[in-house]
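# please work out how this folds:
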Amino acid sequence: MSKRPRSIPEQPPAFPHLASWARRPAPSKPDGKGNASFYSGAALSVIDPIARSDYPLATLWRQRLALKCTAALMPHLGRAEGEGEIRDHFYLARQSASRGPAGQAFSAWIELARPSSLRAGDLAARLVRLLDLQPNALAALEDILAGLPAGQGNPVTAAADVALICLRLFPRERTVALWIADVVLARMMRWPAPVPLIAAQIKRADLRAAAGEQESDDWVAACHLAYAAAAADAADLYAEIARRAEALLLAAPQLRSKEADRIVQRLLTEDALSVQVGKETTDRSMRRLFDRLVELGAVRELTGRDAFRLYGI
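Numbers count the residues shown, from 1 in each chain. As a prediction, the model looks like this:
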């Protein structure tokens, strides 16, 4: 009896690490603001090939960064959900309407990470819907998006300038400014899709000051430092999930389930998966598949619960 054909991706590409001397110093050290653009440029140059990669792992990478940005913004919304709780709200709700504020926020940041976010045509309307903005915000957003830079000048400075306009127009809607900043950065860097970055590192004090009377130069420097830290973390995150992907792909040939190859493909592109009945398998056999993946060290159970589990690399 001939073996069934397998479809297992190649190992993920490796990219250079960010050298320690190119990482921004701790905020308490004096070297920060004066060299802000150096640190952001160094870190963004390292993630540039990752952002351009068409390997499936780049999609998962963006989703994990979207989760980090969502968690960082929860205190701004008066909420305390961490990454695990946000993931639960998003993946375990039966309908999008029942995801709650945290799950809806994560949904918005995942949408940011899609290539469609670079198409300005309906982006304003999508922002109003995704971020639950007042309808009267639509016209102002359309004007801002119509004037987005398309590739000239310093990418971080351009992102900071547009974000400042948004913060002063919508001082209570900080997510709008940070979302659009990442869109501008991606356009300037000519990436195929935005990478959620700045929200994970920008300081609340800088956001408050920018929405008031802060000097624009101070705001631009703050954005450079935030992008430097966020891009460095993003480079480290890719290295981490690439190692986990390698373990998954090494384990894949040992899996006997008919759904194994499809699940492996999904694990490379999605932040988390729940156990669902497959096209050719039962609920029990799918549970066995995920248990086997955990046993092989190829995936992690992400919730720590006995029921309603989620799995990912």
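# switch to C-alpha atoms for all contacts and neighbour counts from now on
Will do.
# mind listing what A159 touches?
I180, A181, D182, V183, V184, L185 (CA atoms under 8 Å, 6 or more residues apart in numbering).
# make it 6 Å
Contacts for A159 (CA atoms under 6 Å, 6 or more residues apart in numbering) come out as A181, V184, L185.
# can I get the residues you listed in TSV with distance to L133 and pLDDT?
Formatted as TSV, the contacts of A159 follow (distance: CA to CA, whole Å; pLDDT from 0 to 100):
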residue	distance to L133	pLDDT
A181	17	96
V184	20	94
L185	23	97
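# give me the subset of the residues you listed lying in helices.
Assignment to helices by DSSP state H places the following of these there: A181, V184, L185.
# what's the closest non-adjacent residue to the first one?
Computed as CA to CA, 6 or more residues apart in numbering, the closest residue to A181 that is not its neighbour in sequence is A159, at 4.5 Å.
# the helix or strand hosting that neighbour: how far from the chain's middle?
Using DSSP states H and E, A159 sits in helix 155-169. Chain-centre distance of helix 155-169: 20 Å, with CA atoms, centre = their mean, to the nearest Å.
# may I see the buried residues of it?
Using 16 or more other CA atoms under 10 Å as the test for burial, helix 155-169 gives 155-164, 166-168.
# looking at the contacts of A159, which has the most residues close by?
Within these, neighbour counts (other CA atoms under 10 Å) peak at A181, which reaches 30 neighbours.
# correct me if wrong: that one contacts A163.
Yes: when contacts are counted by CA atoms under 6 Å, A181 is listed as touching A163 (5.4 Å).
# what sits against D161?
With CA under 6 Å, 6+ apart as the criterion, no residue contacts D161.
# re the thing from before, would TSV of the buried residues of helix 155-169 with distance to T282 and pLDDT be doable?
Output for the buried residues of helix 155-169, formatted as TSV (distance: CA to CA, whole Å; pLDDT from 0 to 100):
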residue	distance to T282	pLDDT
P155	50	96
V156	50	97
T157	53	95
A158	52	95
A159	49	96
A160	51	96
D161	53	94
V162	51	93
A163	49	95
L164	52	94
C166	50	92
L167	50	92
R168	54	89
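# and the next helix or strand past the lowest-mean-pLDDT helix or strand in the chain?
None of the helices or strands of the chain scores lower by mean pLDDT, DSSP states H and E than helix 123-130, at a mean of 86. Note on helix 123-130: by DSSP H and E, the next helix or strand toward the C-terminus is helix 137-146.
# follow-up on the earlier one: got the contact list for the least confident helix or strand of the chain?
Counting by CA under 6 Å, 6+ apart, A108, L141, E142 sit against helix 123-130.
# can you mark which positions in that helix are buried?
Buried residues in helix 123-130 (16+ other CA under 10 Å): L123, A124, A125, R126, L127, V128, L130.
# which one of the residues you listed is nearest R99?
L130 (12.9 Å; CA to CA).
# how far away is that closest one from V264?
30 Å (CA to CA, to the nearest Å).
# do L296 as well
With distances taken as CA to CA, L296 is found 13 Å from V264.
# between those two, who's got more neighbours?
Using other CA under 10 Å, the more surrounded residue of L296 and V264 is V264, with 23 against 16.
# pLDDT score assigned to that one?
With respect to pLDDT, V264 has a value of 95.
# per-residue pLDDT of I165, please?
pLDDT at I165 comes out at 92.
# contacting residues around it?
No contacts exist for I165 under CA under 6 Å, 6+ apart.
# skipping its backbone neighbours, what lies nearest K68 in space?
That would be A200: by CA to CA, 6+ apart, it lies 6.0 Å from K68.
# show the pLDDT at that neighbour.
Taking A200 on its own, its pLDDT is 97.
# with A209 instead?
Listed pLDDT for A209 reads 89.
# just A26 next, same as before
63.
# what do you get for the one 10 residues further on?
Reading off the per-residue confidence, A36 sits at a pLDDT of 91.
# correct me if wrong: L185 contacts P155.
Yes: L185 is within contact range of P155, at 5.3 Å (criterion: CA under 6 Å).
# just to revisit the earlier point, any chance of the contacts of A159 in TSV, plus distance to G312?
As requested, the contacts of A159 are exported to TSV (distance: CA to CA, whole Å):
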residue	distance to G312
A181	29
V184	30
L185	29
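# any idea which of the residues you listed is closest to P56?
Looking across the contacts of A159 and measuring by CA to CA, the closest to P56 is L185, at 21.7 Å.
# now do the same contact list for the closest one.
L185 makes contacts with P155, A159, as judged by CA under 6 Å, 6+ apart.
# ok, it to P194 distance?
The spacing between L185 and P194, counted by CA to CA, is 8 Å.
# now list whatever residues contact both of those two.
In contact with both L185 and P194: no residue, using CA under 6 Å, 6+ apart.
# cheers, nothing more for now.
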